[in-house]
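# After the sequence you'll find the predicted model.
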Amino acid sequence: KITFVESAGEGGDEEGVKYTITTAVNDEKMGSVSGAGTYAENAQVTLTATAKPGYKFVQWNDGFVENPRLITVTQDSTYTATFQALDIVTVADAMALGINKEFVLNQFTVVQVQGSNIYIKDATGYGLIYKSSFGLKAGDVVESMPGKKDEYKGFGQIVPLVTKADLAITTGEVPAPEVFTTAPVAADIYKYVKIDSVTVSAKALKLSDGTTINYYNATLTEGHIYNIVGSVGHNNGTLQIDIASSTDITPKYTVTATAENGTVTGDGKYVQGTSATLTAAPAEGYEFVCWTSGNNTVSTDNPLTLTVSADTALVANFAKKTFTIDVNVTPAESGTVTGLAERGVYEYGATATLTATPADDYEFVFWAAGEDTLSTEATYSFEVKDNAKLLAVFKYTKCTPLNAPVVTYTTTYNSATLTWDAIDNAEAYLVTVGNFFNQVTDTTYTATDLEAATEYNYSVQAISGDKKAYCDSEATYGALTTAEA
């Protein structure tokens, strides 16, 4: 019989000979087949056998095992797919199965879920499902679950078949890991393992025997030592560990540093192999000398950086600063000074007491340091905090005073010029204008950089210098005002 209908398959004419393809299954509870229909002659048709959970496709009635399969329509035909139930196995049985074996895992309890790792148990022992958790959590009981064991995914494609019952386990349970001392090998895939005392090197764990294994699912510190627990697996053929927990056991050592007359920073606990930097800060009046350990000098560096490999105790040593006081008299041989320490050396904060005693025909005038007058008392005491050069000033008592200068001046808005007649036997003149001070040998002096319309005090004194028969004159004092700008 010839029937003219629209083509439902690929190939052939739109109108022409049509044939009927019929599909069937050996048991409808096990699976189904798609692809049945009426097709044009020589059409290419795909038949697909789909197993229901807990079952697997075996073969077609003509002996073909390919699924899906492609047929060419040449006559009316019936294709029957044969399914069979998967073996129901225990956890121990499933773990022992070879690669690509399909099965139904019998009732088990979920122990722990860590990312893509699902740890389970039944009466036969613990196992690992490496797959998305599908909402499973610790304590869930799964009546049965189909799966396929492949090289990289443990039990493989897992789909729960029944409603889960929550056992309300509160304490949780972790399968006991197998303890390794060297890196696991390929035969150890999917084992839950513990490896102690591994050192992190790049993205690998270096074991005590020098072997290494890659890791992931953890952030570990380079150079630190850990105890780790995890699951052994593959990543593109490379053995690695999916870390479930890690404990940093890197040795930590205590660096202590003590000090008197100062402080130290940088001590504390340090991981083995890291650097500790100690800084010593002296108290006022002290200076750093060295670091010591017991009776041994360790270093004179400050700060001190050391690599920590053991508990370390150091002492920062400080000493009081010392300063030198130099003393002279003027004029020469006009008097003496007593009370100066040996070599003029004093510790910081010490009190120096100096006494100036004039020679015959001289009298003490004052103590000076540079241009500063310190005291007019012959005995002068002070606290030493720095190096100093002091001058005991005497004057000859049988000298003739020089005449005082007679001073005239002119001003501009920013300067003042003082002028006086030369004084017999004067070697120089001491001139001040406000805070400006100078000693000159000429009989004129100009002070610059003054403020406009401002009053300034001035003085001029004739200096006898080394002429013992003459004394310095009395100073001539006055006031002047600069011009308007």
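It's in. All values reported here derive from a predicted model rather than from experimental measurement.

# quick one: strands adjacent to the helix or strand where residue 228 lies?
Under the criterion of DSSP states H and E, residue 228 resides in strand 225-235. When pairing is defined by DSSP bridges, strand 225-235 lines up against strand 192-201 (antiparallel), strand 238-248 (antiparallel).

# With distance to residue 414 as new columns, can those be given to me in a markdown table?
In short, each C-beta sits where N, CA and C put it, glycine included. Formatted as a markdown table, these follow (distance: least, CB to CB, whole Å):
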| stretch | distance to residue 414 |
| --- | --- |
| strand 192-201 | 75 |
| strand 238-248 | 75 |
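
# Columns mean neighbour count and mean pLDDT on top of those strands, output as TSV?
Below are those laid out as TSV (neighbours: other CB atoms under 10 Å; pLDDT from 0 to 100):
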stretch	mean neighbour count	mean pLDDT
strand 192-201	18	87
strand 238-248	17	85
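
# now for those strands, which one comes closest to residue 218?
Comparing these by their distance to residue 218 (CB to CB), the top pick is strand 238-248, with 3.9 Å.

# where does the protein dip in pLDDT?
Scanning the chain for pLDDT under 70 picks out the ranges 1-15, 98-99, 115-116, 130-134, 149-176, 187, 190, 236-237, 466-467.

# show me where it has helices.
Using DSSP state H, the helices of the chain run over residues 91-96.

# And the strands in the stretch 101-250 of the chain?
Remark: strands assigned in the stretch 101-250 of the chain by DSSP state E, counting those that start in this stretch are 101-105, 108-114, 117-122, 125-130, 140-142, 145-149, 165-166, 178-180, 192-201, 204-206, 212-216, 225-235, 238-248.

# how about the last one as PDB, C-alpha atoms only?
The one in question is strand 238-248. Extracted C-alpha coordinates of strand 238-248, given in PDB (Å, rounded to 0.1, in the frame of the first residue of the first chain):
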ATOM      1  CA  THR A 238      47.800  15.200  37.900                       C
ATOM      2  CA  LEU A 239      47.400  13.800  41.400                       C
ATOM      3  CA  GLN A 240      46.200  16.400  44.000                       C
ATOM      4  CA  ILE A 241      44.500  16.800  47.300                       C
ATOM      5  CA  ASP A 242      41.200  18.600  47.900                       C
ATOM      6  CA  ILE A 243      42.000  20.000  51.400                       C
ATOM      7  CA  ALA A 244      39.200  19.600  53.900                       C
ATOM      8  CA  SER A 245      41.100  21.000  56.900                       C
ATOM      9  CA  SER A 246      44.600  22.300  57.600                       C
ATOM     10  CA  THR A 247      46.400  23.200  60.800                       C
ATOM     11  CA  ASP A 248      49.400  25.500  60.700                       C
END
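
# That one to strand 125-130, inter-axis angle?
110 degrees (axes from the mean of the first three to the mean of the last three CA atoms, to 10 degrees).

# Using TSV, lay out the strands of the stretch 101-250 of the chain together with distance to residue 477.
Below are the strands of the stretch 101-250 of the chain laid out as TSV (distance: least, CB to CB, whole Å):
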stretch	distance to residue 477
strand 101-105	116
strand 108-114	97
strand 117-122	100
strand 125-130	104
strand 140-142	107
strand 145-149	114
strand 165-166	107
strand 178-180	100
strand 192-201	85
strand 204-206	90
strand 212-216	92
strand 225-235	85
strand 238-248	82
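
# Of these, give the one that comes closest to residue 75.
Among the strands of the stretch 101-250 of the chain, the nearest to residue 75 by CB to CB is strand 101-105 (34.2 Å).

# re the thing from before, mind checking the strands of the stretch 101-250 of the chain for the one nearest to residue 92?
Using CB to CB, those put strand 125-130 closest to residue 92, at 5.1 Å.

# Show me what counts as buried in that closest one.
Neighbour-count burial for strand 125-130, counted by 16 or more other CB atoms under 10 Å, picks out 126, 127, 128, 129, 130.

# export those to TSV and tack on distance to residue 245?
Output for these, formatted as TSV (distance: CB to CB, whole Å):
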residue	distance to residue 245
126	16
127	19
128	15
129	19
130	17
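
# out of the residues you listed, what pair is the most spread apart?
Greatest spacing in the buried residues of strand 125-130, by CB to CB: 126 and 130 (13.8 Å).
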